[in-house]
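coordinates for the following, if possible.
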Amino acid sequence: MGHDHAHTSHTNRVRLSVAIGIVAVVLVVQVVGAWLTGSLALLADAGHMFSDLAGLIIALTATVLAARPATDRQTFGYQRAEVFGALLNGLILLGVAVAVVIGAVGRLVDTSGSEVLATPMLVVAVIGLLANVVALLLLRPAAGSSINMRGAYLEVLGDTLGSVAVIVAAGVILLTGFVQADAIASLVIAGMIAPRAVVLLRDVVRVLSESVPANTDVAEIRRHLLDTQGVVAVHDVHVWMITSGAHVFSAHVVVEPAVLSSGGSGALLDALCACLAGHFDVDHSTFQLEPAEHAEHEENPHR
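Take a look at the predicted model:
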């Protein structure tokens, strides 16, 4: 299990490093292109690309930190660094969305001096689209297993859609001369950025507040544990995440007297841990086995 995790972390770092190189090159191309063409949409896409680059660097740093071993002061290691990385990504996305909206509204209100060179704008947008597609293909395999990698993937996905919006705007300007299409495309880009940022931040809050992981049914876990031979009752149940894919569980388990008197505690613990790992993907679980009389003396026990 440890070897698989280390291999996955290394693979994620390689994917992120390559994606960073691609995004950095295209960012320079987009900034220069926006300056030469006067396109706000291209500049908005460049701003989003900048947020991508910052987010990818943050994600890479978080991945490196998360691979560090646990210590006496960081008993779960640095796995939660991935969550803080995702938090920064979400905040950057929101900041970019607000800045783009302000610029686009300003240009729609004041159309003077809003000449846009559509042909070079189109060329730069196509280059950005191709680069983003390559980066997406690199990051997609890891997006489902890590909140940090999912944040990086969403960053690039949004910028890919942004490049499409710029291409459409450039085409409209070339065909009709409607230069306001540039500002409208900028608003479309902002509209794509903001919801993804909110979703990412929602997931981060769920982890940091130690809420029960999504798609985890505590009542079902309790039923499984109660079906284990020797278990009488289960209370003080806690389920939370250190980061995506790292679920933690603890509970007090009231057992039959024979379990404790016959030395069967070890076998019961093995059965309980196997139940959680096999049915609920929980690899880190802690159980307090106790006789019924002890449970009766506990203060304020909860479910």
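
what's downstream of the lengthiest strand in the chain, the next helix or strand?
In the chain, taking DSSP state E as the definition, the longest strand is strand 231-243. For strand 231-243, the following helix or strand on the C-terminal side (DSSP states H and E) is strand 246-255.

what pairs with that next one, parallel or antiparallel?
Here strand 246-255 has these sheet partners by DSSP bridges: strand 231-243 (antiparallel), strand 284-290 (parallel).

point out the most buried one among those.
Counting by mean count of other CB atoms under 10 Å, strand 231-243 has the highest mean neighbour count of the strands paired with strand 246-255, with a mean of 18. The C-beta positions use only the backbone N, C-alpha and C, and glycine is treated the same way.

what mean pLDDT does it get?
The average pLDDT within strand 231-243 is 87.

just the CA trace of that strand, in CSV.
In CSV, the C-alpha atoms belonging to strand 231-243 read as follows (Å, rounded to 0.1, in the frame of the first residue of the first chain):
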residue,chain,number,x,y,z
VAL,A,231,-20.4,-7.0,18.9
VAL,A,232,-23.4,-5.8,21.0
ALA,A,233,-23.5,-2.0,20.3
VAL,A,234,-21.6,0.7,18.5
HIS,A,235,-21.4,4.4,19.6
ASP,A,236,-19.3,7.5,19.5
VAL,A,237,-18.8,7.0,15.8
HIS,A,238,-16.6,9.5,13.9
VAL,A,239,-15.8,9.5,10.2
TRP,A,240,-13.8,12.2,8.5
MET,A,241,-11.1,12.7,5.8
ILE,A,242,-7.5,13.8,6.2
THR,A,243,-7.5,14.4,2.4
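
next secondary structure after whichever helix in the chain runs longest?
What stands out as the longest helix in the chain, according to DSSP state H, is helix 2-37. As assigned by DSSP H and E, the chain's next helix or strand after helix 2-37 is helix 40-66.

how about the contacts made by Glu115?
Each residue near Glu115 by CB atoms under 8 Å, 6 or more residues apart in numbering is listed here: Gly38, Val179.

so where does it fall, helix or strand?
Glu115 belongs to no helix or strand when assigned by DSSP H and E.

pLDDT weak spots in the stretch 201-303 of the chain?
For the stretch 201-303 of the chain, the stretches with pLDDT under 70 are 245, 294-303.
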